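Enquirer: can you look at this prediction? I've put the sequence above it.
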Amino acid sequence: MARNITPRSENYSQWYLDVIKAAELADYAPVRGCMVIRPTGYSIWENIQAKLDLEFKKTGHVNAYFPLLIPNSFLQKEAEHVEGFAPECAMVTHAGGEELEEPFAVRPTSETVIGHMYSKWIQSWRDLPVLINQWCNVMRWEKRPRLFLRTSEFLWQEGHTAHATEAEAREETLKMLNVYRKVFENELALPVIAGEKTAGERFPGAVDTYTCEAMMSDTKALQAGTSHFLGQNFAKAFEIQFQNKSGELEYCYTTSWGVSTRSIGAVIMTHSDDDGLILPPRIAPVKVVILPISRDENTAENILLPKAKELAEKLNAALGGLCVKVDTEFHMRPGDRFFSHIQKGVPLRLELGEKDLQAGTVRFVRRDTGEKFDVNNANVIPEVTKTLDDIQANLFTRAKNFRDANTHDAETYDEFKQIISEKGGFVRAYFAGTPDDEVRIREETGATPRCIPESDAGKTGKCFLTGNNNARLTIFAKAY
RNA sequence: CGGGGCGUAGCGCAGUCUGGUUUAGCGCACCUGCUUUGGGAGCAGGGGGUCGAAGGUUCGAAUCCUUUCGCCCCGACCA
């Protein structure tokens, strides 16, 4: 048992903060709502970035950078967009020692500036599609910040594309939604439900919003990534027009999609336990740590350490990276050394001691299950690869089983209320309500519609609230 | 923005009601040494704070008064 981490069952939010602190992922910044992402946390982000970026490139996107400051007038151009973002915008009113004529918003998202630029760049159908992504920071003034989940400034990626036809833009929106789903499932080991947002949960200015929803280990939902079909809303506000093959002027159809550092919060809350962080091998900064252990300093440093280093080199070569570390903290006792890696979520620990040396084996200890076993020297490398794959798969399966076990069906509002208040988790129900109905449900139960799962897109039934037919199967939950 | 709480060492706290006997204390962490060492050791020694800030009352203030700044929790709000 970790002594510096509040048990999850005792106080979930405190547990979450303790895990972050113990793993040295982040710290509070001097400005309220802002956080410092420490090297370990940032390294996880770099890994997530690398996985996403590769997928973006594979689907034909390129990276660019747009400015941090956005003229306030830009945000005003799309009616719903202003309304949605005005309250959380930070404004720069002074610069160069003078008050500015027009305040600049610190970007809360870049649809507007990018729309403005696209209108200049796009003239002809030959210029389309435009498929650009940017990695950057954004600012949304939050009244109730939480590390990684909701901070005033955060890092993300925002893709912005422009297309000639609605069909193509819709295809892009769903394509990127599925890129997200794939990366979440395969790399972050997060089982997510990909689907459409209901009207009340839509992005301000979007025609349709899609999301990947994950369940945290307290059974609350977390939106891990979103993809928006913006129709011609922004194209009209920013005059993004092109001449089609017949010479007529048409408005483009645009999309935008994003994943932020919030996804790190999702990883933490999905996989970790009372001992601290647990990371899926594929995004872990350190996948394997090797600990030479001996009570005799000479043996430890002159016999075991060289062996450990040699093994680390081979493993790094085999795993293709710098993800294997040798622990040389000989001044610490073994227990302390174990815990430091346990709390940082290192997936696999290899212990190399005198007993192992004599037996010609290496001791393996899995972070996810705590399981220990000895492996013959000759088999260490393939066994490491196999174990890491097992851990990755186990984390995903474990999370998926948990989610499925905490997903329930409701046919009536009474049943719905009872499940939300007594069991929590996800509730699947047919829903055909309006945004006002969504507000009512939220006020009465605390739950909100999370998404209409893509996998059940064709299913319709009778609405649990209004009784209307042709309601769509919708997932509800309390959410972060 | 409404309700509640809190600012004393890196972290967590006691001391504040009943000003002076505290050169401001404790636990963890940190430093040194010895013994330990395969899931968080023990002993000994040691460094570090001027008590969020400003002003006031007093012979004397971490303790009382005024102002101010900041943070946390609950609520409202929120991609």
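Expert: Okay, I see it.

Enquirer: so residue A:433 sits in a strand?
Expert: No - secondary structure assignment places residue A:433 outside any strand; it is coil (DSSP: H, G, I helix; E, B strand; the rest coil).

Enquirer: once you drop chain neighbours, what's closest to it?
Expert: Nearest residue to residue A:433, sequence neighbours excluded (C-beta to C-beta, 6 or more residues apart in numbering): residue A:465, at 5.1 Å. Using the backbone N, CA and C atoms, a C-beta is placed for each residue, glycine as well.

Enquirer: ditto for residue A:2
Expert: Per C-beta to C-beta, 6+ apart, closest to residue A:2 is residue A:275, 4.8 Å.

Enquirer: contact partners for the one you found?
Expert: A:1, A:2, A:5, A:339, A:342, A:343 (C-beta atoms under 8 Å, 6 or more residues apart in numbering).

Enquirer: and residue A:61, by the same measure?
Expert: So residue A:61 contacts A:131, A:132, A:133, A:159, A:161 (C-beta under 8 Å, 6+ apart).

Enquirer: any idea how far the residue nearest to residue A:2 lies from RNA strand B?
Expert: 5 Å (C-beta to the nearest atom of the strand, to the nearest Å).

Enquirer: pLDDT wise, what is that residue at?
Expert: pLDDT recorded at residue A:275 is 91.

Enquirer: torsion angles phi and psi at it?
Expert: Main-chain torsions, residue A:275, degrees, to the nearest 10: phi -90, psi -10.

Enquirer: swap in the one 5 residues further on?
Expert: Note on residue A:280: its backbone torsions stand at phi -70, psi 130 [degrees, to the nearest 10].

Enquirer: that one and residue A:188 touch, don't they?
Expert: Yes - when contacts are counted by C-beta atoms under 8 Å, residue A:280 is listed as touching residue A:188 (6.0 Å).

Enquirer: between the two, what contacts are shared?
Expert: Residues touching both residue A:280 and residue A:188 (C-beta under 8 Å, 6+ apart) are residue A:267.

Enquirer: quick one, what contacts whatever residue of chain A ends up closest to RNA strand B?
Expert: For chain A and RNA strand B, the shortest gap (C-beta to the nearest atom of the strand) falls at residue A:353, measuring 2.0 Å. The contact partners of residue A:353, taken as C-beta under 8 Å, 6+ apart, are A:292, A:293, A:294, A:304, A:363.

Enquirer: buried ones from the residues you listed, can you make that a PyMOL selection?
Expert: A single PyMOL command suffices to select whichever of the contacts of residue A:353 are buried according to 16 or more other C-beta atoms under 10 Å:
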select buried, chain A and resi 292+293+294+304+363
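
Enquirer: just the ones of the contacts of residue A:353 in strands?
Expert: Cross-referencing these against strands under DSSP state E gives A:292, A:293, A:363.

Enquirer: of those, list those near RNA strand B.
Expert: Counting by C-beta under 7 Å from any atom of the strand, A:293, A:363 from the ones in strands among the contacts of residue A:353 sit close to RNA strand B.

Enquirer: for the ones in strands among the contacts of residue A:353, which one is nearest residue A:325?
Expert: residue A:292 (12.0 Å; C-beta to C-beta).

Enquirer: domains of chain A?
Expert: As given by automatic domain parsing, the domain ranges for chain A are A:12-271, A:288-387, A:407-477.

Enquirer: any regions of chain A where pLDDT drops low?
Expert: A:1 (pLDDT under 70).

Enquirer: the longest helix in it is where?
Expert: helix A:380-405 (DSSP state H).

Enquirer: buried sites along it?
Expert: So helix A:380-405, judged by 16+ other C-beta under 10 Å, has buried residues A:380-381, A:383-384, A:387-388, A:390-392, A:394-396, A:398-400, A:402-403.

Enquirer: so in that sheet, which strands flank the helix or strand following that helix, and in what orientation?
Expert: Remark: after helix A:380-405, the chain's next helix or strand is strand A:407-409, criterion DSSP states H and E. Within its sheet, and counting by DSSP bridges, strand A:407-409 is paired with strand A:426-431 (parallel).

Enquirer: contacts for the next helix or strand after the partner strand?
Expert: Going down the chain from strand A:426-431, the next helix or strand is helix A:435-445, by DSSP H and E. With contact meaning C-beta under 8 Å, 6+ apart, helix A:435-445 is reached by A:198-201, A:416-417, A:420-421, A:433, A:447-449, A:465-466, A:476.

Enquirer: what's the most distant pair in those?
Expert: Going by C-beta to C-beta, the pair spanning the contacts of helix A:435-445 furthest: A:199 and A:421, at 25.1 Å.

Enquirer: next, count neighbours for the nearest residue to residue A:423 once chain neighbours are set aside.
Expert: Of all residues not flanking residue A:423 in the chain, residue A:408 sits nearest, at 6.2 Å (C-beta to C-beta, 6+ apart). Each residue near residue A:408 was counted by other C-beta atoms under 10 Å, and the total is 18.

Enquirer: same deal with residue A:470?
Expert: 10.

Enquirer: which ones are touching it?
Expert: Taking C-beta under 8 Å, 6+ apart, one finds A:432, A:460 in contact with residue A:470.

Enquirer: what does the stretch 101-250 of chain A have sitting close to RNA strand B?
Expert: So the stretch 101-250 of chain A meets RNA strand B at A:108-109, A:140, A:142-146, A:150, A:203-204, A:223, A:226 (C-beta under 7 Å from any atom of the strand).

Enquirer: kindly recompute the last result at 6 Å.
Expert: A:109, A:143, A:144, A:203, A:204, A:223, A:226 (C-beta under 6 Å from any atom of the strand).

Enquirer: so what's the fifth one closest to, chain neighbours aside?
Expert: This points to residue A:204. Nearest to residue A:204 is residue A:84, by C-beta to C-beta, 6+ apart, at 2.5 Å.

Enquirer: no more questions from me, cheers.
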